[in-house]
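**Q** here is my input, please return the structure:
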Amino acid sequence: MSASSSPDGSASPAAPRFTLRPYQADRDREASLELWRATWQVAFPSIDFTARLPWWRERWTTELEPAFRIIVGDIDDGVAGFTVVNVAARYLDQIVVGPRAWGTGLGRALMDDAKAVCPSGLLLDVNKDNARAVAFYAREGFVVTGETVNPRSGLPVLKLAWTPESVTPISGNRLLGDDHA
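**A** Next up, the predicted model:
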């Protein structure tokens, strides 16, 4: 592994390299399901995502795998992130990047790929309380188009949109609905 200089001048390991590739159900299903569970558990520790795994497996295998474009990001030959895009609807259903890949650029690479296959724009929903995700989407140029409630969790959800024209992201405070910023 190569080294790079950290802000304090000391040597630090370079970020892990990743590759993007099309999803292969026989190779990637179990790793993708577990990554979804583990990453959501970090984001919302008060929700039992292990209990939701049967529901997620059913949705993944019957709804997402057959009809959506799934791209995985590998680090060291293991799934470290993925996107699930309904290209016809221009809807980003999932972008999941596991904690071991945070800060590697994998999230941005996955988002760039989603934008490339939906160049006229993308829509998505994000839990309003998922500050890390909300900040990421703001940096990526998404704007708030509405609010709703997740029917499964009861948590507030922001409806977001990106178009090539929305290149100036709104600030994190404004994106979170803080009109006093």
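**Q** helices and strands around the lengthiest strand in the chain, which ones?
**A** The strand that spans the most residues within the chain, counting by DSSP state E, is strand 78-86. Here strand 78-86 touches helix 25-43, strand 69-75, strand 91-97, helix 106-117, going by 3 or more CB pairs under 8 Å, 6 or more residues apart in numbering; DSSP states H and E. Heads up, the C-betas are built off the backbone N, CA and C, glycines and all.
**Q** quick check: angle from the second one to strand 91-97?
**A** The reference is to strand 69-75. 10 degrees (axes from the mean of the first three to the mean of the last three CA atoms, to 10 degrees).
**Q** now strand 69-75 - C-alpha only, CSV.
**A** Output of strand 69-75 as CSV, limited to C-alpha atoms (Å, rounded to 0.1, in the frame of the first residue of the first chain):
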residue,chain,number,x,y,z
ARG,A,69,-29.6,-1.2,-12.3
ILE,A,70,-27.3,-2.3,-9.5
ILE,A,71,-23.6,-1.3,-9.4
VAL,A,72,-21.3,-2.4,-6.7
GLY,A,73,-18.1,-0.9,-5.5
ASP,A,74,-15.4,-3.3,-4.4
ILE,A,75,-12.5,-2.8,-2.1
